[in-house]
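show me how the following folds:
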Amino acid sequence: MPGPDPEHPKRGVTKVVECFGNFWHGRMMTGKANWEHEQELLDAYAEVGIQCLIIWESEVKDNPERVRERLAAFLSPQG
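All right, here's what the predicted structure looks like:
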């Protein structure tokens, strides 16, 4: 995450895509519902002015075309 250093290499980052593996980010490992785990990360990024898209491993396996559409929409200048 960009810190207070104005020379930080990530300064200016406005969007990030996180890919969650079902095992490591699932309830069994985090102790939280998926939506709770997602929201914590979304909130943390939002606090530093970064938009985040979370994509789950199962989404990629089940519907890769939908994932491509979500990525394109998120990464577009209007997204």
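
list the buried residues of the biggest helix by length in the chain.
Identified as the longest helix of the chain according to DSSP state H is helix 34-47. Buried residues in helix 34-47, counted by 16 or more other Cβ atoms under 10 Å: N34, H37, E38, L42, Y45. The way it works is simple: take the backbone N, C-alpha and C, and place the C-beta from them, glycine included.

show me where the chain has strands.
Applying DSSP state E to the chain gives strands spanning 15-20, 51-56.

out of the ones you listed, which one sits most buried?
For the strands of the chain, the largest average neighbour count (mean count of other Cβ atoms under 10 Å) is found in strand 51-56, namely a mean of 17.

can you list contacts of it?
Residues outside strand 51-56 that contact it (Cβ atoms under 8 Å, 6 or more residues apart in numbering): 14-20, 22, 25, 34, 38, 41-42, 45-46, 67, 70-71, 74.

export it to CSV, keeping only CA atoms.
The C-alpha trace of strand 51-56 is given here as CSV (Å, rounded to 0.1, in the frame of the first residue of the first chain):
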residue,chain,number,x,y,z
GLN,A,51,-10.7,0.9,-5.7
CYS,A,52,-10.5,-2.9,-5.4
LEU,A,53,-12.1,-5.7,-7.4
ILE,A,54,-12.0,-9.1,-5.8
ILE,A,55,-12.2,-12.2,-8.0
TRP,A,56,-12.6,-15.6,-6.5
